[in-house]
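Chemist: Predicted model and sequence below, questions to follow.
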Amino acid sequence: MLMYKNILWGYGLLVITLTGCSPKKEPSIQVMDMKPNVLVLLTDQWRAQATGYAGDPNVHTPNLDSLAAKGINFKNAISGMPVCSPFRASLLTGQRPLTHGVFMNDVQLDTNAVTLGKVFKKAGYNTGYIGKWHLDGHGRLQFIPPGKRRQGFDFWKGNECTHNYNESVYYDNNDSIRKIWDGYDTFKQTDEALDYIEQQQSADNPFMMVVSYGTPHAPYHTAPEEYRKRFDPDEIQLRDNVPEEMHVRVKKDLAGYYAHIAALDDMIGKVMTNLKETGQLENTIIVFTADHGDLLGSQGAYKKQQPYEESIRVPMLYYIPEHMDIKKGTREALMNSEDIMPTLLGLCNIAIPNTVEGINYKGYLEGKELVGEEALISCVQPFGQWNKVKHDGREYRGIKTLKYTYTRDLNGPWLLFDNINDPYQLNNLVGNVEFAYLQNDLEQRLTVKLKQTNDAFLSGEEYIKNWGYTVDETGTVPYTH
């Protein structure tokens, strides 16, 4: 006699089959394949060093520390082109910037692109996007209508780009009327995400949602007072590569930066608690990351675009439900921006489109493959604060390994750092005869990578011309509000 009993258990349908009546036989348990939800928590300009679990002495991030402990920490993850729009386009397409064409801010991602939203939607997912978009190129405060320009996301409460985090602009689904988040938008966007997630409990399909926060990007001093008062600039410990003449300014700005981070950490905790209380945590893959870092005084500069650690390295945490049988812990691989899409598709057993160029890390996570020992970094066209007319902006291509960062500009070798022995990148080894063999080896490896990716390493002006972009006298795409 065979007896079958089906029970719902957390993440899916658990089928317990009892065979016969012999007490010596154990029930065989099989978890039926269920599509997991996917939640991407994206932040803006959060450098990898600025978390508790990464060892930053200035800030406590208990919720992210917990997420890192329960999940997977890609501690060497990078933003291959550390600028906002290029990262976001790579996240959505799984392609490198010279393929999708978004190598500067404020240009539009091709509306015919094969994107994360479209692929998950085709696979039966409900798709949603909340927060900063920065892929439309029609003005930073303008309405992005439903359809192709939303790249496969159906639920929508977003804006193109704003750095006013209090009373900031957003648009609601099909409504073209400009609306305002009431108060600090990090809080409001989290509440909207939780409302969406709770609504999905009764849905027939799983969900894939991106929650895109504008913080901790500058302006640094706009977090709620309860967070700002936690950080005394005089007590901030600086990284060793911040010039002394910048100490007062950088300490003040870091105090505000950490205030944004503390608020975001609370919101991550709120999301995790909600998922657990609604019974969805164990069927939800979560990715926490940032589009790039922030120099914040390191190397005597601010913001991004540069190939230094504080600019290119980003936090990258994956929470993967236990039933997927992937060991938690720290991973060494250099996960890059274009790798997120294929990895999520791989984890969800969704076919990866042939347009994707990134690496699917599922096999790596399962311990079956060894990948990610080196990664490309690049700046196709320096712009904004790094434009070539007024500043020391330069095009570059580089290769990052688990130990070294090597870059060349259009004139030849530029930077070479031993990131283990010189973690603050204070000693440029380019041209040092003792490291000539190393430099030559990394140069050859970079040349191979560029050939493999069909990157001719032309001037930024050539790519601007090839893609037909309009720029101002500094090589920057002008934008309107």
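Modeler: Received the coordinates, thanks.

Chemist: Return, as residue ranges, the portions of the stretch 1-150 of the chain with sub-threshold pLDDT.
Modeler: Regions of the stretch 1-150 of the chain meeting the criterion pLDDT under 70 cover residues 1-33.

Chemist: report the longest helix in the chain, please.
Modeler: With secondary structure taken from DSSP state H, the chain has its longest helix at helix 247-277.

Chemist: Tell me the helix or strand right after that helix.
Modeler: Using DSSP states H and E, the helix or strand that follows helix 247-277 towards the C-terminus is strand 284-290.

Chemist: contact partners of stretch 266-277?
Modeler: Taking contacts as CB atoms under 8 Å, 6 or more residues apart in numbering, the residues outside stretch 266-277 that touch it are 39, 41, 62-64, 66-67, 186-187, 190, 193-194, 197-198, 211, 213, 281, 284, 286, 288. Just so you know, the C-beta spots here come from the backbone N, C-alpha and C atoms, and that holds for glycine as well.

Chemist: So residue 397: helix, strand or coil?
Modeler: Residue 397 falls in the strand class when you classify it by DSSP: H, G, I helix; E, B strand; the rest coil.

Chemist: The closest residue in space to residue 48 that isn't next to it in sequence and residue 230, how far apart?
Modeler: Spatial nearest neighbour of residue 48, excluding adjacent residues (CB to CB, 6 or more residues apart in numbering): residue 313 at 3.9 Å. Taking CB to CB, to the nearest Å as the measure, residue 313 and residue 230 are separated by 25 Å.

Chemist: which of those two has more neighbours?
Modeler: Between residue 313 and residue 230, residue 313 has the larger neighbour count (other CB atoms under 10 Å), namely 25 against 15.

Chemist: quick one: contacts for that one?
Modeler: With contact taken as CB under 8 Å, 6+ apart, residue 313 is in contact with 47, 48, 49, 76, 77, 78, 79, 293.

Chemist: And residue 156, which helix or strand is it part of?
Modeler: Following DSSP H and E, the helix or strand that holds residue 156 is strand 155-159.

Chemist: Make a ChimeraX selection of the buried ones in the contacts of stretch 266-277.
Modeler: To isolate the buried members of the contacts of stretch 266-277 in ChimeraX, using 16 or more other CB atoms under 10 Å:
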select :39,41,63,64,66,67,186,187,190,193,194,197,211,213,281,284,286,288
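
Chemist: Can you flag which of the contacts of stretch 266-277 belong to helices?
Modeler: Filtering those for helices - DSSP H - leaves 62, 63, 64, 66, 67, 186, 187, 190, 193, 194, 197, 198.

Chemist: could I get the residues you listed as a markdown table with distance to residue 387?
Modeler: Below are those laid out as a markdown table (distance: CB to CB, whole Å):
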| residue | distance to residue 387 |
| --- | --- |
| 62 | 40 |
| 63 | 38 |
| 64 | 34 |
| 66 | 41 |
| 67 | 38 |
| 186 | 30 |
| 187 | 35 |
| 190 | 35 |
| 193 | 36 |
| 194 | 41 |
| 197 | 41 |
| 198 | 46 |
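
Chemist: so which of those would you say is closest to residue 396?
Modeler: Taking CB to CB as the measure, residue 396 sits nearest to residue 64 out of those, at 30.8 Å.

Chemist: and stretch 60-69, how far out from the chain's middle?
Modeler: Between the mean C-alpha location of stretch 60-69 and the chain-wide mean there is a distance of 17 Å, by CA atoms, centre = their mean, to the nearest Å.

Chemist: Kindly format the C-alpha coordinates of that stretch as CSV.
Modeler: Coordinates of the C-alpha atoms in stretch 60-69 are reproduced here as CSV (Å, rounded to 0.1, in the frame of the first residue of the first chain):
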residue,chain,number,x,y,z
HIS,A,60,28.0,49.7,12.4
THR,A,61,25.9,47.8,9.9
PRO,A,62,24.4,45.0,11.9
ASN,A,63,21.7,44.0,9.4
LEU,A,64,24.2,43.8,6.5
ASP,A,65,26.6,41.9,8.8
SER,A,66,23.8,39.5,9.4
LEU,A,67,23.0,39.2,5.7
ALA,A,68,26.7,38.5,5.0
ALA,A,69,26.8,35.9,7.7
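
Chemist: which residues are contacting that stretch?
Modeler: Contact partners of stretch 60-69, identified using CB under 8 Å, 6+ apart, comprise 51-53, 261-262, 265-266, 268-269, 272, 286, 288, 315, 317, 319, 328.

Chemist: cool, and stretch 248-257?
Modeler: Under the criterion CB under 8 Å, 6+ apart, external residues in contact with stretch 248-257 comprise 50, 58, 216, 218-223, 228, 231-234, 236, 238, 242, 294, 296-297.

Chemist: picking that back up, quick check: angle from the strand holding residue 156 to helix 185-199?
Modeler: Put simply, strand 155-159 runs at 180 degrees to helix 185-199, going by axes from the mean of the first three to the mean of the last three CA atoms, to 10 degrees.

Chemist: Show me which positions of stretch 63-82 end up buried.
Modeler: Judged by neighbour count using 16+ other CB under 10 Å, the buried positions of stretch 63-82 are 63-64, 66-68, 71-82.

Chemist: who does the longest strand belonging to the chain pair up with?
Modeler: Taking DSSP state E as the assignment, the strand of the chain that covers the most residues is strand 207-216. Using DSSP bridges, the strands paired with strand 207-216 in its sheet are strand 37-44 (parallel), strand 126-132 (parallel).

Chemist: Looking at those strands, which one is packed in the most?
Modeler: Across these, averaging neighbours per residue (mean count of other CB atoms under 10 Å) puts strand 126-132 on top, at a mean of 25.

Chemist: Can you pull out the residues in contact with that strand?
Modeler: Strand 126-132 is touched from outside by 42, 44, 117, 120-121, 150, 152-162, 170, 185, 189, 192-193, 196, 200, 203, 205-214, with contacts defined as CB under 8 Å, 6+ apart.

Chemist: Give me the buried subset of those residues.
Modeler: Judged by neighbour count, with 16+ other CB under 10 Å as the criterion, the buried members of the contacts of strand 126-132 are 42, 44, 117, 120-121, 150, 152-153, 155-162, 170, 185, 189, 192-193, 196, 200, 206-214.

Chemist: Can you report how many residues lie near the nearest residue to residue 308 once chain neighbours are set aside?
Modeler: The shortest distance from residue 308 to any non-neighbouring residue, by CB to CB, 6+ apart, is to residue 299 (5.3 Å). Neighbourhood size, residue 299 [other CB under 10 Å]: 18.

Chemist: now do the one 4 residues further on
Modeler: By the criterion of other CB under 10 Å, residue 303 has 20 neighbours.

Chemist: Can you tell me the SS state at it?
Modeler: coil.

Chemist: Could you do residue 469 as well?
Modeler: For residue 469, the reduced secondary structure class is coil; criterion used: three-state DSSP.
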